[in-house]
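Sequence isn't available, so here's the structure alone:
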Ligand SMILES: Cc1ncc(COP(=O)(O)O)c(C=O)c1O
């Protein structure tokens, strides 16, 4: 029997890469500044430059980047409480809203797994504090221009959860305006955990903003409210570790290659599989980073089982929808027609930088076999 085709490989299997990581760690051992050391400054400078944001504040993880950003928004707009977000996605987005003392309100999604414009508009009211867009699966939806216009029209800020989408961009909206992950709205929130395109070897996150007040709040808050050696307000310990920043800097020099590899796998899948399932087709004027490669098929559960029997891992992400999970059941939603349909038909196929050509071919052959022999 062939060895298992894994959904994702986290072990470091490349010897040269392992040496680069060890070297980076060793440099931290030499200076000993494990907390807010020079690698943190370097990472923040690099991320600001790449996303063209004035400020980058690294934090302990992506969830904290959302919570702190939402607390900053709450301070800025004290009379508003509701945050609209897509109903399909990882629960961290909704949990962060609750932890910031705000109210999540769930909108439907488009076929690109992005928050839908029409249902977002229907949910807006006098208490709406913000619209949280989530660049889910590593993609910015082509309705982003409409959403930005909507936010400008109602004067409601966008909070971008770009946890999954470092390196993604989209200018395929009708107006050809260029949007890139980390640069949309008042504040953007990045996760730097090992599953992500820009990864650490533990936990990490970053807040990206052009707003000086949001930035200084975030900097203080992550360090117990400390500024200039004085405790200025309430805060918490939410600093990213220097060791994780040193690993992330190594990975920052490689993320574009990783995205290119994933995009070439996705292109191959699309050519082979689009006659059987709905594939996440990349538009000419966007860069989808394929954090996950989600196909849509009514045969989802049977296909997953079929692949499992042939030693191919696949994943169902994320079922049930956020507003259907126990703690969020009483939250307000729009109609969720598309989200319900998609969450029961979506399956993620392996799409990572360590997949071999043989494995990619085996995956497509087996999916084809499933559909050819189905009846
Ligand atoms: C869309 C989204 N938002 C937020 C997060 C939270 O990030 P972290 O796990 O670093 O806290 C994740 C993590 O997977 C995510 O996928």
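Cool, got the structure. The structure presented is a predicted model; accordingly, all values stated were derived computationally and were not measured.

What segments of this structure are helices?
15-31, 38-51, 62-76, 92-99, 117-123, 144-154, 212-221, 242-252, 255-273, 300-309, 337-343, 357-372 (DSSP state H).

Return the most buried member of the ones you listed.
Of all the helices of the chain, helix 62-76 has the most neighbours on average by mean count of other C-beta atoms under 10 Å, namely a mean of 24. Just so you know, the C-beta spots here come from the backbone N, C-alpha and C atoms, and that holds for glycine as well.

Quick one: mean pLDDT for it?
Per-residue pLDDT over helix 62-76 has a mean of 98.

which other helices and strands contact it?
Where contact means 3 or more C-beta pairs under 8 Å, 6 or more residues apart in numbering; DSSP states H and E, helix 62-76 is packed against strand 55-59, helix 92-99, strand 128-134, strand 158-161, strand 187-191, strand 205-209, helix 212-221.

closest one to residue 303 among the ones you listed?
Of all the helices and strands packed on helix 62-76, it is strand 128-134 that lies closest to residue 303, at 25.6 Å by C-beta to C-beta.

Could you list the paired strands of the closest one along with their orientation?
When pairs are called by DSSP bridges, strand 128-134 turns out to pair with strand 82-86 (parallel), strand 158-161 (parallel).

what's the neighbour count on residue 327?
Residue 327 sits with 11 neighbouring residues when counted by other C-beta atoms under 10 Å.

Show the contacting residues for it.
residue 98 (C-beta atoms under 8 Å, 6 or more residues apart in numbering).

Report the beta-bridge partner residues of residue 241.
residue 35.

right, and it touches residue 39 too?
No - Residue 241 is not in contact with residue 39 according to C-beta atoms under 8 Å; the separation is 9.3 Å.

Centre-most residue in the chain?
Centroid-nearest residue in the chain: residue 164, 2.0 Å away (criterion: C-alpha atoms, centre = their mean).

what's the closest non-adjacent residue to that one?
Take residue 164 and drop its neighbours on the chain: the residue closest to it by C-beta to C-beta, 6 or more residues apart in numbering is residue 291, 4.0 Å away.

Do I have it right that the one you found meets residue 162?
No - contact criterion C-beta under 8 Å: residue 291 and residue 162 do not qualify, at 10.3 Å.

Surely residue 279 and residue 273 touch.
Yes - taking C-beta under 8 Å as the definition, residue 279 is a contact partner of residue 273 at 5.6 Å.

who touches both of the two?
residue 295.

can you pull the contacts of the residue nearest to the centre of the chain?
Applying C-beta under 8 Å, 6+ apart to residue 164 gives the contacts 90, 134-138, 191, 196-197, 289, 291-292.

Name the nearest residue to the closest residue to the ligand within the chain, sequence neighbours excluded.
The ligand sits closest to residue 62 of the chain, with a gap of 2.4 Å, by C-beta to the nearest ligand atom. Leaving aside its chain neighbours, residue 62 sits nearest to residue 191 (2.6 Å; criterion: C-beta to C-beta, 6+ apart).

Return the residues of the chain in contact with the ligand.
Within the chain, the positions near the ligand by C-beta under 6 Å from any ligand atom are 61-63, 89-90, 92-93, 134, 161, 163-164, 191, 193, 205.

between those, which is closest to residue 321?
Looking across the residues of the chain next to the ligand and measuring by C-beta to C-beta, the closest to residue 321 is residue 89, at 8.7 Å.

ok, that closest one - contacts?
Residue 89 neighbours (C-beta under 8 Å, 6+ apart): 134, 136, 161, 318, 322.

quick one: the closest residue to the fourth one other than its chain neighbours from residue 113, how far?
Excluding the flanking residues, the one nearest residue 318 by C-beta to C-beta, 6+ apart is residue 90, at 5.8 Å. Using C-beta to C-beta, to the nearest Å, we find residue 90 at a distance of 12 Å from residue 113.

ok, the two, which is more surrounded?
residue 113 (25 against 18).

Verify the stated contact: the more buried one with residue 137.
Yes - using C-beta under 8 Å, residue 113 is in contact with residue 137, at 5.3 Å.

Overlap in contacts, the two.
Counting by C-beta under 8 Å, 6+ apart, the residues touching both residue 113 and residue 137 are 280, 294.

thinking again about what came up before, burial count for the residue nearest to residue 62?
Counted with other C-beta under 10 Å, residue 191 comes out at 30.

Same check on the one 3 residues further on?
Other residues near residue 194 number 15, with proximity taken as other C-beta under 10 Å.

Quick check: the closest residue to it other than its chain neighbours vs residue 360, distance?
Closest residue in space to residue 194, ignoring its immediate chain neighbours: residue 10 at 5.6 Å, by C-beta to C-beta, 6+ apart. Here residue 10 is placed at a distance of 19 Å from residue 360 (C-beta to C-beta).
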